[in-house]
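**Q** A structural model of the following input is requested.
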Amino acid sequence: MKRSGKKRTFDDTLLVTVLILVGIGLVVLYSTSAYNGRVKFHDSLYYLKKQGFATALGLAGMAVVARIDYHRWIPLAVPAYIGALVLSVAVMLFGDEYNGSRRWLSLGPFSFQPSEYAKVAVIFFLAWLVSRNVKQMGKFRTLVKMMLPVVPVVALVGASNLSTAVIILGIAAVLIFAASPKYSQFVWMGAAAVAFLAIFLALESYRLERLAVWRNPEKYEKGYQTLQGLYAIGSGGLFGRGLGESVQKLGFLPEAQNDMIFSIICEELGLVGASTIILLFLILIWRFFVIATRARDLLGALIAAGALAHMMIQVILNIAVVTNTIPNTGITLPFISYGGTSVVFLLLEMGLVLSVSNLIE
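**A** Reported below is the predicted structural model:
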């Protein structure tokens, strides 16, 4: 039987959506960060230049990774995961502290967050591990065996970055769930995860304090950022004040270009602009699902499913935090919030998914 002569191509919808989000992210970032850059660094382009450099690096990496058969990365699955563990330990021992959190490692003039690398490493490692043990996934002990390797990196990352630990745990749960023929077993795993999270929260008093601030932000000094973000959302209305016209970014909303950037989107672009951003993320998640269901093999399907889980969980958590639906956890909006490490590894992850789409018949 002859193979089709049709030329394989990347998922165009996914690629275009990623590029649109990246472009919107740079525009919104400049609008949000120009004031802070001018005040802190005497350069209104300070944040844009750093994010632009990281974005260019990430796009170049995405282009390279997308053209490489994802099966060629299999020998690096275990070393990549071990690297995530080593870097997480290094952050605890030698990491730089910023705003009370130790999340960064410095290498000369450059600094990066190993937790962002850990997300991609866990996706590929678990996709490889689960695909190797797929015939035994109906057994509960196999599910436990799949989850056990994730626990150390979740604990290490969670020591300084609870929100990222939750994302990694969620990615692992989705990947294992997608390959498991028996869904009832996940009730026990869910109960174990809730118990683990409860213990983790109780270990540090500041984590419990966040719950109190969430319930009554107006009564606590630490609720100031949340309240200012809500003021920004409320003042945007249907069409917003206009791009660049935000009032809250002028020193009222702390670090507006980071975790709370969605509130500035709501203020400047209104409900219509915010809904457009959410729609773009929904299109991205839809394409991940399509690629996962059409992938050539289970490894490719799980890579796409891992990216789906990552994007879905992170977007939901960020918007939930900004709207005070859940306690403030300090999590970025993919492709849009300021963060060079985040955008580089997100784009490399997109390259992996595009590689999977390129091999679909």
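**Q** what ranges do the strands span in the chain?
**A** According to DSSP state E, the chain carries its strands in the segments 96-98, 101-107, 110-112.
**Q** ok, and what's touching the last one?
**A** Strand 110-112 is contacted from outside by 96, 104-105, 340-341, using Cβ atoms under 8 Å, 6 or more residues apart in numbering. C-betas here are computed from N, CA, C, even on glycine.
**Q** sheet-wise, list the partners of that strand with their directions.
**A** Strand 110-112 has its sheet partners listed here by DSSP bridges as strand 101-107 (antiparallel).
**Q** output the strands of the chain as TSV; include the columns distance to residue 221, mean pLDDT and mean neighbour count.
**A** Converted to TSV, the strands of the chain look like this (distance: least, Cβ to Cβ, whole Å; pLDDT from 0 to 100; neighbours: other Cβ atoms under 10 Å):
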stretch	distance to residue 221	mean pLDDT	mean neighbour count
strand 96-98	19	71	11
strand 101-107	18	74	15
strand 110-112	28	78	15
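**Q** any idea which residue sits dead centre in this protein?
**A** residue 314 (4.7 Å; Cα atoms, centre = their mean).
**Q** low-confidence ranges in the stretch 151-300 of the chain?
**A** Along the stretch 151-300 of the chain, the model assigns pLDDT under 70 to residues 181, 183-186, 189, 193, 196-197, 200-208.
**Q** ok, back up a step: out of the contacts of strand 110-112, what pair is the most spread apart?
**A** 96 and 340 (14.2 Å; Cβ to Cβ).
**Q** and the longest helix anywhere in the chain, how far from the chain's centre?
**A** Identified as the longest helix of the chain according to DSSP state H is helix 261-294. From the chain centre to the centre of helix 261-294 is a distance of 14 Å (Cα atoms, centre = their mean, to the nearest Å).
**Q** same question for that helix: list its buried residues.
**A** Neighbour counts over helix 261-294 (16 or more other Cβ atoms under 10 Å) mark 261-270, 273-274, 277, 280-281, 283-285, 287-288, 290-292, 294 as buried.
**Q** okay, now residue 119: neighbour count?
**A** 24 (other Cβ atoms under 10 Å).
**Q** contacts only, for it.
**A** 164, 167-168, 171, 310, 345, 349.
**Q** repeat that for 10 Å
**A** Counting by Cβ atoms under 10 Å, 6 or more residues apart in numbering, residue 119 makes contact with 84, 153, 157, 164, 167-168, 171, 306-307, 309-310, 314, 342, 345-346, 349.
**Q** one more: residue 175?
**A** Residues near residue 175 by Cβ under 10 Å, 6+ apart: 122-123, 125-127, 129-131, 146, 150, 301-303, 305-306, 308-309.
**Q** buried only: go through these for me.
**A** Buried subset of the contacts of residue 175 (neighbour count, 16+ other Cβ under 10 Å): 122-123, 125-127, 129-131, 146, 150, 301-303, 305-306, 308-309.
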